[in-house]
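J.: mind looking at a prediction? Sequence and model below.
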Amino acid sequence: MKHTLSPQRYLILLAVSLSASVGDTLLKRGMGQVGTVDMQHLGLLWHALFNPWVMAGIVLLIGFFASYMTALSWADLTFVMPATALGYVVIALLSHFWLHEHLSLYRWGGILLIVCAVGFVANGPSRTEHPSTQHELDMMDSGMGR
Amino acid sequence: MHLAAMPATALRSWSCILFVAALAIAGECLIAAAMRSLGDLDRLRTGSGLAGYAGPIRAVLASPLFLIGALCMALNFFAMLFTLSIVELSLAAPATASLTYIGNAVAAKLFLHENVDQRRWLAALFVCAGVFLLSK
C-alpha cells in the first residue's frame, strides 16, 4: 500500500525544511551581538531573549515546531527527519547564489548526499503500519485517493 | 583563538554538543509518540478558519507525552544557545544535527517501533556524511 502525500502536506514538509535552519542562523547572528555566555554570566541568556535577531529566530523556530508536529501527526519520525536536513542544503545554496559565497567541492558533495537521503526516504511509505492503526490508514488512503 | 586548540575546551565543546543532541533525541521521540497517539490533526479541527485550530491545539497541550517532550525541547533550546556562545556554528550545528539524526533513527526503532528499513538507515547515514561535508 502506498501513502501518497497531498500538496498541502508537501508544503508543511517544506516549512519544516526552511524554518529551522533560517531560525538557527538568526539565533547565531543575535548571539554574536549578545556576546559570550559562560557559567558566571548565565543571566545573559535572559538578556538574549530581547535581542531582535534572537526574537526573529524564536518566531521562526515556533513556526518550525508547529509544522513539525503537524507532520509528525501523519508521518513517521524517521520520514520527517530528512526533510529537516534539506534545510542545510537550502542554506548552502542561498549562501552560494544570493550571498555569492564560494562552495567547495566538499560542500557540493554534502548537498548531493543530503538530497539523495531525502530521495530514498520520500520514495518509501510515510508511516509504519501497525495492526491497530491499519483501519485508520485505510480510511486516510481512500480519502486521499480522489 | 589559540584557546580553541586546548583539549579542555574541546572536551567542553563536545560535552555541550552531546548534551544538546541527547535532549533533542528525547524531546523528538516523546513528541513523535504524542503526535502518533493523537493521529491526523486535521481530523481534530473544530471548524473552519483560525478558530478551528483550537481543537488540535487543546488536544496537543493536554497530552502528557507532549508536555515532557516540549520541556526537553525547551531545555535543548537554552542548551543550544549556551553552546552557540562557546562553539562555532559551523561545528555546533552539523555536529548536533548528525548525532541527533543517528540517535533518532535508533530511538525511533527501539522506542517508537517504527519500521526503520534499509533506505531509512541509509538516509540517516547519508545525512550525517552530508552534514559533515557541508561543515568542511
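T.: Received it, and whenever you're ready, just let me know what you need.

J.: select the longest helix from the chain.
T.: This is for chain A. Counting by DSSP state H, the longest helix found in chain A is helix A:7-34.

J.: please refer instead to chain B.
T.: Criterion DSSP H: the longest helix present in chain B is helix B:7-38.

J.: now for the helix or strand following that helix, which elements pack on it?
T.: Using DSSP states H and E, the next helix or strand after helix B:7-38 towards the C-terminus is helix B:54-61. Under the contact criterion of 3 or more C-beta pairs under 8 Å, 6 or more residues apart in numbering or on different chains; DSSP states H and E, helix B:54-61 touches helix B:7-38. Using the backbone N, CA and C atoms, a C-beta is placed for each residue, glycine as well.

J.: the helix it packs on and chain A in contact?
T.: Yes. Applying C-beta under 8 Å from any C-beta of the partner chain, one finds helix B:7-38 in contact with chain A at B:Glu28, B:Cys29, B:Ile31, B:Ala32, B:Met35, B:Arg36, B:Leu38.

J.: ends of stretch A:89-105, how far apart?
T.: 14 Å (C-alpha to C-alpha, to the nearest Å).

J.: mean confidence score for that stretch?
T.: Mean pLDDT, stretch A:89-105: 79.

J.: and the contacts of it?
T.: Stretch A:89-105 has contacts (C-beta atoms under 8 Å, 6 or more residues apart in numbering or on different chains) with A:Ser17, A:Leu18, A:Ser21, A:Val22, A:Thr25, A:Arg107, A:Gly110, A:Ile111, A:Ile114, A:Val115, B:Leu134, B:Lys136.

J.: for it, buried residues please.
T.: For stretch A:89-105, a neighbour-count test (16 or more other C-beta atoms under 10 Å in any protein chain shown) marks A:Val89, A:Ile91, A:Ala92 as buried.

J.: may I see those residues arranged in JSON lines, with secondary structure as well?
T.: Below are the buried residues of stretch A:89-105 laid out as JSON lines (DSSP: H, G, I helix; E, B strand; the rest coil):
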{"residue": "A:Val89", "secondary structure": "helix"}
{"residue": "A:Ile91", "secondary structure": "helix"}
{"residue": "A:Ala92", "secondary structure": "helix"}
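
J.: name the spans of chain B whose pLDDT lies under the cut-off.
T.: Scanning chain B for pLDDT under 70 picks out the ranges B:1-6.

J.: can you rerun that using 50?
T.: For chain B, the stretches flagged by pLDDT under 50 are B:1, B:3-4.

J.: mind listing what B:Asn17 touches?
T.: Just so we're on the same page, residue B:17 is Ile rather than Asn. B:Thr83, B:Val87, B:Leu91, B:Ala92, B:Ala95, B:Thr96, B:Leu99.

J.: actually B:Gly103, not the one I wrote
T.: B:Ala21, B:Ala22, B:Ala24, B:Ile25.

J.: is it possible to mark the buried ones in those residues?
T.: For the contacts of B:Gly103, buried by 16+ other C-beta under 10 Å: B:Ala21, B:Ala22, B:Ala24, B:Ile25.

J.: make CSV out of those and add distance to B:Leu65.
T.: Listed next are the buried ones among the contacts of B:Gly103 as CSV, based on distance: C-beta to C-beta, whole Å:
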residue, distance to B:Leu65
B:Ala21, 20
B:Ala22, 18
B:Ala24, 16
B:Ile25, 15
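
J.: great, nothing more from me.
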